[in-house]
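*Asks:* Mind looking at a prediction? Sequence and model below.
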Amino acid sequence: MLLEDLKHAFRVLSKSPGFTAVAVLVLALGIGANSAIFSVVNAVLLRPLPFSNAARLVQIWHTPPAKSFPGITEFTVSAANYLDWARDNLVFDKTAIYRFARFDVMAGGNPESIKASAVESTFFSVFGVHPILGRTFVAEEDEAGHGKLVVLGYDFWRNRFGSDPRVIGRKIRLDNAAYTVIGVMGPKFRHPDFAKIWTPLEWTAKERAVRGEHHFLVDVDPGLNSHNVLTMTVSIGPNKFATPARENIFFATLLRQVRAVPGVQSAALIDDLPMSGNGSTQPVEIADRPVVATADQPEVAVRVVSADYMKTMGIKLLRGRHLVEADTAKSHGVVLISESAAKQFWPDKNPLGQHLTLTFFPNIVRAVVGVNADVKQYGLDAMWSGRHIRWIPPCLSSMSPPWMTCLLTRSHNGG
């Protein structure tokens, strides 16, 4: 019966070759589209995640105090809050926390700056995954001083070490420090998806004490103009220079040389770019306010920037002045703040000349010298990214990170 139907269909179509071509084409497109749609649905909805207990996994967020962050309903979890929750947990079988990391790597090829994840020792067991070689981290390796260990992602192991099964125990250089390879994960494990390697979290005393070291966002306009802006991240590692002052000199020299390149109109430095998903948040003390415990202090996003950063990124100055080259470690402490921060902390006062102190750096009281428009810090689709931002010059040597991103604007006829 099926054969007779096919013969009849062929005879009908052969009498109208133009229609036949269209019909076959439409059928082909329809089949192809359905195949593509099924592939996506199968991968995203039907096929389970490559973890043995995927249906039981949940991700937890933190609701911050309304009095400190009105209108903000969701933060990522701070280290100290997580430790409290894990200690008092009566619901979940296992818990784990992780955070973004970045390293300069020297292993099995050319130097490369890679994204990584610092993870708690329970991280892999929460997912129910095991390494194909070696082991993962154990509890004592969560403590500071045990962190020179690394678990490799499958692609990193294949590309950098040629899938060498003898990689366990080898040393690789991460940020100029020797790390011992203890494990290799399988090809299906990619969490977080940016991580090529994993290192121990290494809790610090500061992280254990402070509740609320969050990345937070605000629903505002982008607040910057990235047109014709080029960026380059320079990572030097924590052990490259003998003193932080020498590190500052290196970046100052780099910036001076970039500004001298023909066609460069403006150049500046920042530790973490807007909308990169990265950056520091810190508790802050506002002068002439009642002293409260660190855990109850409001938190602010902090970025270390050079002079001309606002000009280079087209960020509008609303009051006061921008940072200048004279704002150095030998001068008085200064800070720029966002418009939202000014409204939050000095709603009925002129914020210029007001003072604040970053709690982790109590020896420098900073004067507000300028107020800038709010800037998206964590993505265009994020909720709170301009709020409470502080920009400070790289004048406090202990605050200078082991990387900076150089931004430059070039003329339209530049190289």
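*Replies:* On my side now, so go ahead.
*Asks:* what's whatever helix or strand residue 81 lives in packed up against?
*Replies:* According to DSSP states H and E, residue 81 maps onto helix 79-88. Applying 3 or more CB pairs under 8 Å, 6 or more residues apart in numbering; DSSP states H and E, we find helix 79-88 packed against helix 205-209. For the C-beta atoms, the positions are set from N, CA and C on the backbone; glycine is no exception.
*Asks:* The helix it packs on - what's its average pLDDT?
*Replies:* Per-residue pLDDT values across helix 205-209 average out to 66.
*Asks:* cool, and stretch 356-371?
*Replies:* The predicted model assigns stretch 356-371 a mean pLDDT of 87.
*Asks:* what's the neighbour count on residue 253?
*Replies:* 10 (other CB atoms under 10 Å).
*Asks:* Going forward, the N-terminal residue is numbered 653.
*Replies:* From this message on, residue numbering opens at 653, which makes the last subject residue 905.
*Asks:* close enough to count as contact, residue 960 and residue 920?
*Replies:* Yes - look at residue 960 against residue 920 with CB atoms under 8 Å: they come within range, at 4.5 Å.
*Asks:* So if I had to pick from those two, which one is more boxed in?
*Replies:* Using other CB under 10 Å, the more surrounded residue of residue 960 and residue 920 is residue 920, with 24 against 21.
*Asks:* which helices and strands sit right next to the one helix or strand that one maps to?
*Replies:* Using DSSP H and E, the element containing residue 920 is strand 916-922. Other helices and strands packing on strand 916-922, by 3+ CB pairs under 8 Å, 6+ apart, are helix 896-911, helix 961-965, strand 1055-1062.
*Asks:* and of those, who's closest to residue 944?
*Replies:* Each of these was scored for nearness to residue 944 using CB to CB, and the closest is helix 896-911 (30.0 Å).
*Asks:* and the helices and strands packed on strand 916-922 as a markdown table, adding mean pLDDT?
*Replies:* Converted to a markdown table, the helices and strands packed on strand 916-922 look like this (pLDDT from 0 to 100):
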| stretch | mean pLDDT |
| --- | --- |
| helix 896-911 | 82 |
| helix 961-965 | 86 |
| strand 1055-1062 | 70 |
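*Asks:* if I pick the closest residue to residue 958 other than its chain neighbours, what's in contact with it?
*Replies:* Closest residue to residue 958 apart from its sequence neighbours, by CB to CB, 6 or more residues apart in numbering: residue 921 at 4.2 Å. With contacts taken as CB atoms under 8 Å, 6 or more residues apart in numbering, residue 921 has the following neighbours: 903, 907, 957, 958, 961, 1046, 1056, 1057, 1058, 1059.
*Asks:* If we use 10 Å, what do you get?
*Replies:* Taking CB atoms under 10 Å, 6 or more residues apart in numbering, we find residue 921 in contact with 886, 903-904, 906-907, 910, 956-961, 964, 1045-1046, 1052, 1056-1059.
*Asks:* quick revisit: any common contacting residues for residue 960 and residue 920?
*Replies:* Residues touching both residue 960 and residue 920 (CB under 10 Å, 6+ apart): 907, 911, 975, 1059, 1060, 1061.
*Asks:* Which residue is the nearest non-sequential neighbour of residue 756?
*Replies:* Counting by CB to CB, 6+ apart, residue 756 lies nearest to residue 887, which is 4.8 Å off, once chain neighbours are set aside.
*Asks:* Residue 777 too?
*Replies:* Once flanking residues are discounted, residue 777 sits nearest to residue 746: 6.1 Å by CB to CB, 6+ apart.
*Asks:* can you confirm the one you found is in a strand?
*Replies:* No - remark: residue 746 does not belong to a strand; assigned using DSSP: H, G, I helix; E, B strand; the rest coil, it is coil.
*Asks:* That one and residue 710 touch, don't they?
*Replies:* No - look at residue 746 against residue 710 with CB atoms under 10 Å: they stay out of range, at 11.4 Å.
*Asks:* more neighbours, the two?
*Replies:* Remark: of residue 746 and residue 710, residue 746 carries more neighbours, 14 against 6, as counted by other CB under 10 Å.
*Asks:* Could you check how far the more buried one is from residue 772?
*Replies:* Noted for residue 746: a distance of 10 Å to residue 772, by CB to CB, to the nearest Å.
*Asks:* what residues do these two have in common as contacts?
*Replies:* Common neighbours of residue 746 and residue 772 (CB under 10 Å, 6+ apart) are 738, 778.
*Asks:* Provide a list of residue ranges in the stretch 653-802 of the chain with pLDDT below threshold.
*Replies:* Where the stretch 653-802 of the chain drops to pLDDT under 70, the residues are 653-707, 716-728, 759-761.
*Asks:* in it, which spans are strands?
*Replies:* Counting by DSSP state E, counting those that start in this stretch, the stretch 653-802 of the chain has strands at residues 750-758, 764-771, 785-786, 801-804.
*Asks:* Pick the most buried one from those strands.
*Replies:* For these, the largest average neighbour count (mean count of other CB atoms under 10 Å) is found in strand 801-804, namely a mean of 24.
*Asks:* What helices and strands are in contact with that strand?
*Replies:* If contacts are counted by 3 or more CB pairs under 10 Å, 6 or more residues apart in numbering; DSSP states H and E, strand 801-804 sits against strand 764-771, strand 785-786, helix 806-813, strand 823-826, strand 829-836, strand 849-852.
*Asks:* Give me whichever of those is most buried.
*Replies:* Of those, strand 849-852 is the most buried (mean count of other CB under 10 Å), at a mean of 24.
*Asks:* Give me the sheet partners of it and which way each runs.
*Replies:* Applying DSSP bridges, strand 849-852 is found paired with strand 764-771 (parallel), strand 801-804 (antiparallel).
*Asks:* Residue 785 is nearest to which of these?
*Replies:* strand 801-804 (8.5 Å).
*Asks:* that older thread, next one: the residue nearest to residue 756 relative to residue 751, how far apart?
*Replies:* To residue 751, residue 887 is 17 Å away according to CB to CB.
*Asks:* Kindly report the same for residue 822.
*Replies:* According to CB to CB, residue 822 stands 25 Å off from residue 751.
*Asks:* okay, and for the stretch 903-1052 of the chain, where does confidence drop off?
*Replies:* Along the stretch 903-1052 of the chain, the model assigns pLDDT under 70 to residues 927-930, 980-984, 1028-1052.
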